[in-house]
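K.L.:
no sequence on this one, just coordinates:
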């Protein structure tokens, strides 16, 4: 059974639950990659590519223009057939830099607040209502709704729009695309591309409507003001949905569980000054983006291994950052690993301010509820055979 209701201490505590999450998601690949990473920082895996497991070397690859994101064996091969060739996550070189320049200022504090606040307020209300009078609430579902609410804002859909999909359905639509990806498969199959494109077409309708309405207050409207074409706007919004949907819903419940398991909730609820360090350390320790893909465009050497043009480079973010030690917000993240979960160099995640706003919004609601009346974890379920490790459910209840 994947549902565990025993106290955290009886199941290995914080580290034990994180191990369960990873082995549940990848029962073969995770132990293999962890084991290889402990032996050598770079190793060639026949049929898969070159595995890189050390933080400084992962950063070197991300900073080196000789490793492309748009190659046939990089992440671009997965997404170009689905969302088109110009959506940042599958671009490289001068064209990529120019598009990033045009998108500068996309996620200002004011813009992020407008995107996150409505969904954040709904999460806060549902959390309080669920925990009222000694009740319980399933927190993963609430974070899915938060993510879906943010997706609706990215699509430019008004809250009162006729036929608007519920937030949880918008989240499911996003994950229906990312769930098709497998580590051992450099490309999606033709039926998978068709399924993913069908999901993108559902997303595309509201984006096109908002774009054509010429309303600069909507996210697609802002993309129009920035000079992007309608098709480019559809691709950009789809890319943000693909890149951010599942990682957020993986990370926030995991951090909530780690703070509970590690006994850090009372201190953070009383004094929020340590929250930024807890969030960053949580991102380091969970590595919600466990693997990044690149393709070598030139011959060279990496960690003593000869690299050939066309090699698929598997950047094991999860081992690179997790191997630096256990979860400890009081210890600074080493420079080589700092914000590595958001990438580095030209491809550093442009949506990072939005992701951080969603994370901080959910945690503020959790901590406010804990300060008002402490809650605890009643039960949790580990997801099995998924791309990104996450809790399938995390039930919170009042401690008394």
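P.N.:
Thanks, I have the structure now. What you see is a predicted model; the values in this text were computed from it and never measured. Numbering: from 1, shown residues only.
K.L.:
Please make it C-alpha for all contacts and neighbour counts, starting now.
P.N.:
Fine.
K.L.:
And the host helix or strand of residue 254, how far out from the chain middle?
P.N.:
Following DSSP states H and E, the helix or strand that holds residue 254 is helix 230-261. Distance of helix 230-261 from the chain centroid (Cα atoms, centre = their mean, to the nearest Å) equals 4 Å.
K.L.:
show me where the chain has strands.
P.N.:
3-4, 42-45, 49-52, 67-68, 136-138, 292-296, 300-302, 305-307, 312-315, 375-382, 391-398 (DSSP state E).
K.L.:
Now do the last one, average pLDDT.
P.N.:
Here the mean pLDDT over strand 391-398 is 96, rounded to a whole number.
K.L.:
contact partners of that strand?
P.N.:
Contact with strand 391-398 is made by 21, 131, 134-141, 250, 253-254, 373-383, as judged by Cα atoms under 8 Å, 6 or more residues apart in numbering.
K.L.:
Which strands border it, and is each parallel or antiparallel?
P.N.:
Using DSSP bridges, the strands paired with strand 391-398 in its sheet are strand 136-138 (antiparallel), strand 375-382 (antiparallel).
K.L.:
Also the second one?
P.N.:
Each strand pairing with strand 42-45, determined using DSSP bridges, is listed with its direction: strand 49-52 (antiparallel).
K.L.:
Tell me how far the partner strand lies from the chain's centre.
P.N.:
Strand 49-52 sits 22 Å away from the centroid of its parent chain (Cα atoms, centre = their mean).
K.L.:
Kindly report the same for stretch 172-187.
P.N.:
On the basis of Cα atoms, centre = their mean, stretch 172-187 sits 13 Å off its chain's mean C-alpha point.
K.L.:
any idea how far residue 235 is from residue 228?
P.N.:
According to Cα to Cα, to the nearest Å, residue 235 stands 10 Å off from residue 228.
K.L.:
re earlier: adding mean pLDDT, write the strands paired with strand 391-398 out as CSV.
P.N.:
Putting these into CSV (pLDDT from 0 to 100) gives the following:
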stretch, mean pLDDT
strand 136-138, 96
strand 375-382, 96
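K.L.:
out of these, nearest to residue 154?
P.N.:
strand 136-138 (25.3 Å; Cα to Cα).
K.L.:
what does that closest one contact?
P.N.:
Taking Cα under 8 Å, 6+ apart as the rule, strand 136-138 contacts 127, 130-131, 393-398.
K.L.:
Produce a ChimeraX select command limited to the buried residues of the residues you listed.
P.N.:
Entered in ChimeraX, the line below selects the buried ones among those, by 16 or more other Cα atoms under 10 Å:
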select :127,130,131,393,394,395,396,397,398
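K.L.:
which of the contacts of strand 136-138 sit farthest apart?
P.N.:
Using Cα to Cα, the pair of the contacts of strand 136-138 lying farthest apart is 393 and 398, separated by 16.7 Å.
K.L.:
Look up how far residue 98 lies from the closest residue in space to residue 108 that isn't next to it in sequence.
P.N.:
Closest residue to residue 108 apart from its sequence neighbours, by Cα to Cα, 6 or more residues apart in numbering: residue 353 at 7.8 Å. Distance, residue 353 to residue 98, using Cα to Cα: 20 Å.
K.L.:
who's more crowded, these two?
P.N.:
Using other Cα atoms under 10 Å as the criterion, residue 353 and residue 98 rank with residue 353 on top: 16 against 10.
K.L.:
Residue 107 is in contact with that one, correct?
P.N.:
Yes. Counting by Cα atoms under 8 Å, residue 353 touches residue 107, with 6.3 Å between them.
K.L.:
Okay, the closest residue to residue 59 other than its chain neighbours and residue 71: tell me how far apart.
P.N.:
Of all residues beyond its chain neighbours, the one nearest residue 59 is residue 344 (6.4 Å), with distances taken as Cα to Cα, 6+ apart. Per Cα to Cα, residue 344 is found 18 Å from residue 71.
K.L.:
returning to what we had before: run a quick check on the residue nearest to residue 59 versus residue 64, I expect a contact.
P.N.:
No. When contacts are counted by Cα under 8 Å, residue 344 is not listed as touching residue 64 (9.7 Å).
K.L.:
Among those two, which residue is more densely surrounded?
P.N.:
Neighbours were counted for residue 344 and for residue 64 using other Cα under 10 Å; residue 344 has more, 19 against 13.
K.L.:
Now for that one: which residues touch it?
P.N.:
Counting by Cα under 8 Å, 6+ apart, residue 344 touches 59, 62-63.
K.L.:
follow-up on the earlier one: report the buried residues of the helix holding residue 254.
P.N.:
230, 232-261.
K.L.:
For burial, what's the neighbour tally of residue 339?
P.N.:
For residue 339, the count of nearby residues is 20 (other Cα under 10 Å).
K.L.:
residue ranges with poor pLDDT in the chain?
P.N.:
Within the chain, the segments meeting pLDDT under 70 span 1-12, 162, 183-186, 399-400.
K.L.:
How far does stretch 209-219 sit from its chain's centre?
P.N.:
With Cα atoms, centre = their mean, you get 26 Å for stretch 209-219.
K.L.:
Could you give the separation between the terminal residues of it?
P.N.:
Distance across stretch 209-219, first residue to last, is 12 Å (Cα to Cα).
K.L.:
Other residues contacting that stretch?
P.N.:
Contacts of stretch 209-219 with the rest of the structure, by Cα under 8 Å, 6+ apart, involve 153-157, 220-225, 230, 233.
K.L.:
which of these has the most neighbours?
P.N.:
residue 220 (32 neighbours).
K.L.:
give me every residue that touches that residue.
P.N.:
154-156, 207-208, 210-211, 233-234, 237.
K.L.:
from these, which is closest to residue 357?
P.N.:
residue 154 (14.2 Å).
K.L.:
Number of residues surrounding the closest residue in space to the closest one that isn't next to it in sequence?
P.N.:
Spatially, and ignoring its direct neighbours in sequence, residue 154 is nearest to residue 219 (5.4 Å; Cα to Cα, 6+ apart). Residue 219 has 26 neighbours, counted by other Cα under 10 Å.
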